[in-house]
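Colleague: could you work out the structure for the sequence below:
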Amino acid sequence: MRLSLLDRSRTRTGEPDAAALRHTVDRAVRAEWLGYHRFWVAEHHAVPGIASGSPPVLMAAVAARTATIRVGSGGVMLPNHQPLVVAEQFAMLDALFPGRIDLGVGHTLGFTPPVRRALRHDADEPDTFAADLTELRGYLDGGGPVTVRPRLERVLPLFVLATGRALRAAGDAGLPVVLGGPALDRPDLGDRLRDYRARALAAGARPYLALSVDVLVADSIEAARELALPEAWALAAARTRGEFPALEPVATDRPLTDRQRAAVDAAVGHTVHGDETAVADQLGELLARTGADELLATTSTFDLDALAESDARLAALFDPPQHP
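Modeller: Predicted coordinates:
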């Protein structure tokens, strides 16, 4: 079982947005030291709570500060980019950091209508994700109508952030998938995963599933739940006010409407949290239920020291640290 991290460069109240990017790079350095397999970064546009809008740029900064950990995108939102440009960007990254670059792609559009308009998206435009994915693979495999430069010297790992039709498209393309969020609670999850694996095998590929899950490890369930609250508050704001704000410190007197409180409780409930025993039990059940090959922890919290400790304790659950 591989263990990896996805960091979304969450902004924090009281800090400039640029600090979030520096925190991401610092976290990647620690993740490499702890033995994590991959470190991925995100793409979000004009979202107050997230500073990462260009995964290739941030990946270059992360890869330059690390030496062995794989560095990837979770993910590049393919509808926002021409497939040729994505292939060129990742070919450059692979040339600069050989054998360490992963390309994860998704099909999510902008967070709000103004952002979608700024990205030149129309609400009624057709879904071309499957065709764009095929075109991108052609450039990466050397079978496209033009040759990407620098020419790729190895196969670049390509993952699909899979929701809805993207899961079927990934299976038909024989590509690994990353699955998380509400999709893990769907009653038909088992059927959807069996369909994906059958499609991948029919395409002549080995199915590969990475689970994207928020995980927080602390001294107790109560302490871990407290660490989960800043992200839960942000998600509640997104669902009730249409904005995704910066992380804020925990405050016991925060006024919440009934709807917001329900959203907070739901968000915390989707987080794997607790001490080592509780987290191991929850992850064991989830991994057994899905047959996943990899865990991609997507954790964030306001307290950076607590986040670093949680990362270390999670790594120790999977494989005791090799460092003194």
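Colleague: show me where the stretch 101-250 of the chain has its strands.
Modeller: In chain order, the stretch 101-250 of the chain shows strands spanning 101-106, 158-161, 177-180, 209-213, 215-217, with DSSP state E, counting those that start in this stretch as the criterion.
Colleague: adding distance to Asp122, write those strands out as TSV.
Modeller: C-beta here means a position set from N, CA and C on the backbone, and glycine is covered the same way. Formatted as TSV, the entries for the strands of the stretch 101-250 of the chain read as follows, by distance: least, Cβ to Cβ, whole Å:
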stretch	distance to Asp122
strand 101-106	19
strand 158-161	22
strand 177-180	27
strand 209-213	29
strand 215-217	37
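Colleague: give the buried residues for stretch 234-251.
Modeller: Counting neighbours by 16 or more other Cβ atoms under 10 Å, one finds that the buried residues in stretch 234-251 are 234-239, 244-248.
Colleague: correction: the previous question concerned stretch 306-319.
Modeller: Counting neighbours by 16+ other Cβ under 10 Å, one finds that the buried residues in stretch 306-319 are 306-311, 313-315, 318.
Colleague: residues in contact with stretch 84-97?
Modeller: 56, 59-60, 63-64, 71, 76, 78, 100-101, 103, 105, 135-136, 139-140, 144, 146, 148-154, 156 (Cβ atoms under 8 Å, 6 or more residues apart in numbering).
Colleague: so what's the residue nearest to Asp102 when sequence neighbours are not counted bridging to?
Modeller: The spatially closest residue to Asp102, leaving aside those adjacent along the chain, is Gly72, at 3.0 Å (Cβ to Cβ, 6 or more residues apart in numbering). Beta-bridge partners for Gly72, by DSSP bridges, are Trp40, Asp102.
Colleague: doesn't Trp40 make contact with Gly72?
Modeller: Yes: taking Cβ atoms under 8 Å as the definition, Gly72 is a contact partner of Trp40 at 4.5 Å.
Colleague: ok, which stretches of the stretch 201-324 of the chain are helices?
Modeller: In the stretch 201-324 of the chain, the segments counted as helices under DSSP state H, counting those that start in this stretch are 221-241, 258-269, 276-290, 304-318.
Colleague: in CSV, list the ones you listed along with mean pLDDT and distance to Val177.
Modeller: Converted to CSV, the helices of the stretch 201-324 of the chain look like this (pLDDT from 0 to 100; distance: least, Cβ to Cβ, whole Å):
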stretch, mean pLDDT, distance to Val177
helix 221-241, 92, 23
helix 258-269, 89, 23
helix 276-290, 95, 11
helix 304-318, 96, 21
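Colleague: distance of the residue nearest to Thr112 when sequence neighbours are not counted relative to Val279?
Modeller: Nearest residue to Thr112, sequence neighbours excluded (Cβ to Cβ, 6+ apart): Gly242, at 6.7 Å. Counting by Cβ to Cβ, to the nearest Å, the gap from Gly242 to Val279 is 32 Å.
Colleague: equivalent analysis for Phe159, please.
Modeller: Counting by Cβ to Cβ, the separation of Phe159 from Val279 is 24 Å.
Colleague: run through who's touching the helix or strand bottoming out on mean pLDDT in the chain.
Modeller: The element with the least model confidence among the helices and strands of the chain, by mean pLDDT, DSSP states H and E, is helix 113-118, at a mean of 84. For helix 113-118, the surrounding residues in contact (Cβ under 8 Å, 6+ apart) are 45-47, 109-110, 123.
Colleague: many thanks, have a good one.
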